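> Curious how this folds, go ahead:
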Amino acid sequence: MRLKLLLTFLFLLPLAACHSVKLPTIPLPTDLLSQGPPPKTLADAKKALQGATPCCTTFADFSYQNQLPWRPQQYPLGVGSPVVAINGSRSYFLAFVLPPDVKLPYKIGVKSELIGRSVTGASYLFAPTIVQLDEAFQPIDSQDVKLCEYMGWSNSDSGAFGSVEVTDKRARYLVVYSSDKQQNSNTYWEQSASTFSTSSSTTPAATTVGGSYKIQHGPDGVVWVGLMDKSYSAAVNKAVCGKAPQGDGLLNSLRADLTKASRSSP
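Model prediction:
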């Protein structure tokens, strides 16, 4: 059978050369991958937000039906999400009821996923502002969350992490949005994400060390919010928030420590 197929192919080959017969195209592995639409830009995201109609202009207008999760959960924010126009900002938002039986103080963990594949200008992330409200929906604390980069072993435990602490017994509700200041700021990023996928895969996140960058903040994205758990606490503690100060080198540091110790000895 194999010999017959080989003879048939050898017979067709000169015919193709002489008469320009078009042979079937064998698809490459890359042709079998789904070809989705090109990724949207930060300008596209801003335009979509500005074109949306706000549902609310005060915190009392929000619908507080969901309780804050017991561990951070994923929330996509973008076209189709409710929009608030408040404090001079227009933003997509989330609203939660705080758990009444958690002992104070406690922390709320936050993570934003990187949108895009390149940190050299095409990527951005949603940077949250978190507001704590009393039972009359009046703000008692508002923070632009500082995000810091942490790259774990998988996409699910990698991203820009942050946290806020609840210390006031009057706190009843929580709002997550992005202030105008946040949307016009950026987050320090130390690793190239050219091969980093934002899917929820459990395979190790492939990254390449390639200098430092500033990731622009955008109006939409994927944010994780919930009560702080151990994995988020570890990520926050290990996260990179900025460029490390330049030292004098290990030998100089040891020499300085020895000199200081000898001066303090009797």
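> Where does the prediction get shaky in the stretch 1-150 of the chain?
In the predicted model, the stretch 1-150 of the chain carries pLDDT under 70 at residues 1-39, 117-121.
> Which stretches in the stretch 1-150 of the chain count as strands?
Secondary structure of the stretch 1-150 of the chain by DSSP state E, counting those that start in this stretch: the strands cover 73-77, 83-86, 89-92, 94-97, 106-112, 124-126, 129-133, 139-144, 148-150.
> Would you format the ones you listed as TSV with mean neighbour count included?
Placement of C-beta: from N, CA and C, glycine included. Converted to TSV, the strands of the stretch 1-150 of the chain look like this (neighbours: other C-beta atoms under 10 Å):
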stretch	mean neighbour count
strand 73-77	16
strand 83-86	19
strand 89-92	22
strand 94-97	18
strand 106-112	22
strand 124-126	26
strand 129-133	22
strand 139-144	15
strand 148-150	22
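> Same list (those) but as CSV, adding distance to residue 162.
Output for these, formatted as CSV (distance: least, C-beta to C-beta, whole Å):
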stretch, distance to residue 162
strand 73-77, 15
strand 83-86, 20
strand 89-92, 17
strand 94-97, 15
strand 106-112, 5
strand 124-126, 11
strand 129-133, 9
strand 139-144, 9
strand 148-150, 7
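> Specify the beta-bridge partners of residue 142.
residue 131 (DSSP bridges).
> And for residue 126?
residue 218.
> residues contacting it?
Shown in contact with residue 126 (C-beta atoms under 8 Å, 6 or more residues apart in numbering): 77, 92, 112, 115, 178, 217, 218, 219, 220, 221, 222, 223.
> Kindly indicate which of those lies nearest residue 149.
Checking these against residue 149 by C-beta to C-beta gives residue 112 as the nearest, at 10.3 Å.
> mind listing what the closest one touches?
125, 126, 127, 128, 147, 159, 160, 221, 222, 223, 224.
> can you pull up the bridge partners for it?
Under the criterion used here (DSSP bridges), residue 112 is bridged to residue 160, residue 223.
> quick one: it from residue 229, how far?
17 Å (C-beta to C-beta, to the nearest Å).
> What segments of the stretch 151-266 of the chain are strands?
So, for the stretch 151-266 of the chain - with DSSP E, counting those that start in this stretch - the strands run 159-166, 173-177, 186-192, 208-218, 221-227.
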